[in-house]
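Engineer: Structure here, sequence nowhere to be found:
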Ligand code: HXC
């Protein structure tokens, strides 16, 4: 597929989507959003891909939704176009999505990161929700996902008072899995993603679905989802292979079946 606002590549079993509007700090316009989700869906269907990375460049993951595209929009236009609905497409991706963040992850950029499953951050990464400074609030899940992840008081400060987090702070508050040097940050993220991509594919999918249920349901419902995802794994060849490999003291050879 030919894209104009993103670059894509595959490294072994890792699909990489790189936001590529450096002239606008990778701000998400509607064209880029559409391409990002198209690319994610292509990788999601590709059986040679086990995990997906979304990244920007060293200076900016993404500085938010494109302010210049939104500036003249009226309430009615925003509503009619369901301007923020497209962001929900990330919820349909079943494989693990890892954000590799360097530099700014602001506004919609930060919200995109919050929608990913894991985050590798370079030492220069900075996370924030500056929407309040331009007279709006986060609209792509920021108020909800941030509050669930970092707690109410810090989320309030970030959303109401534009507090930004350094990579270290973001890790401390559970927003970041790994911090790596700026130089080679994408290679480090790929190494992390390769580990994930080497796991039993069906179990990974079931695990992602079950952990996500923790953020959507009650404990009782979440535990029911976990059971519904646990038992069917005993119908997979990979469960037999994984347990046999353990007993035979060898590495498992996953088939994704
Ligand atoms: C459009 C943007 C942009 C954005 C930066 N640019 N962010 N264009 N939308 N969100 C453009 C600038 O206008 C400029 O273009 C070029 O990128 C370089 O940016 P500078 O500001 O000159 O760079 P710098 O001084 O290094 O500052 C970097 C920055 C700053 C701190 C990231 O650009 C900034 O604060 N950006 C806006 C962040 C923000 O408010 N995000 C929230 C957006 S609302 P020119 O043409 O002048 O060179 C949002 C809502 C989401 O995300 C809700 C869901 C839809």
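Structural biologist: It's in. From a predicted model like this one, the values you see are computed outputs, not experimental measurements.

Engineer: Which residues of the chain lie near the ligand?
Structural biologist: Residues of the chain lying close to the ligand (C-beta under 6 Å from any ligand atom) are 24-25, 27, 63-68, 84, 104, 106-108, 130-131, 134, 138-140. C-beta: built from backbone N, CA, C; applies to glycine.

Engineer: Give me the subset of the residues you listed lying in helices.
Structural biologist: Using DSSP state H, the subset of the residues of the chain next to the ligand located in helices is 67, 68, 108.

Engineer: related to what we said a few turns ago, just the buried ones among the residues of the chain next to the ligand, please.
Structural biologist: 24-25, 27, 63-67, 84, 104, 106-108, 130-131, 138-140 (16 or more other C-beta atoms under 10 Å).

Engineer: Which parts of the helix or strand harbouring residue 39 count as buried, going by neighbours?
Structural biologist: Using DSSP states H and E, the element containing residue 39 is helix 30-45. Residues of helix 30-45 classed as buried: 32, 33, 34, 35, 36, 37, 38, 39, 40, 43, 44 (neighbour count, 16+ other C-beta under 10 Å).

Engineer: One more: stretch 232-248?
Structural biologist: Neighbour-count burial for stretch 232-248 [16+ other C-beta under 10 Å]: 236, 238, 239, 241, 242.

Engineer: Output those residues in CSV; the columns should cover secondary structure and pLDDT.
Structural biologist: Converted to CSV, these look like this (DSSP: H, G, I helix; E, B strand; the rest coil; pLDDT from 0 to 100):
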residue, secondary structure, pLDDT
236, coil, 98
238, helix, 98
239, helix, 98
241, helix, 98
242, helix, 98
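
Engineer: re the thing from before, what mean pLDDT does the helix holding residue 39 get?
Structural biologist: Confidence for helix 30-45, expressed as mean pLDDT, is 97.

Engineer: and the next element down the chain from it?
Structural biologist: According to DSSP H and E, the helix or strand after helix 30-45 is strand 51-55.

Engineer: What mean pLDDT does that following strand get?
Structural biologist: 98.

Engineer: If you count contacts, what does that strand end up packed against?
Structural biologist: Applying 3 or more C-beta pairs under 8 Å, 6 or more residues apart in numbering; DSSP states H and E, we find strand 51-55 packed against strand 14-19, helix 30-45, strand 97-101, helix 185-197.

Engineer: cutoff 10 Å now
Structural biologist: Judged by 3 or more C-beta pairs under 10 Å, 6 or more residues apart in numbering; DSSP states H and E, the packing partners of strand 51-55 are strand 6-11, strand 14-19, helix 30-45, strand 60-62, strand 97-101, helix 108-115, strand 118-122, helix 185-197.
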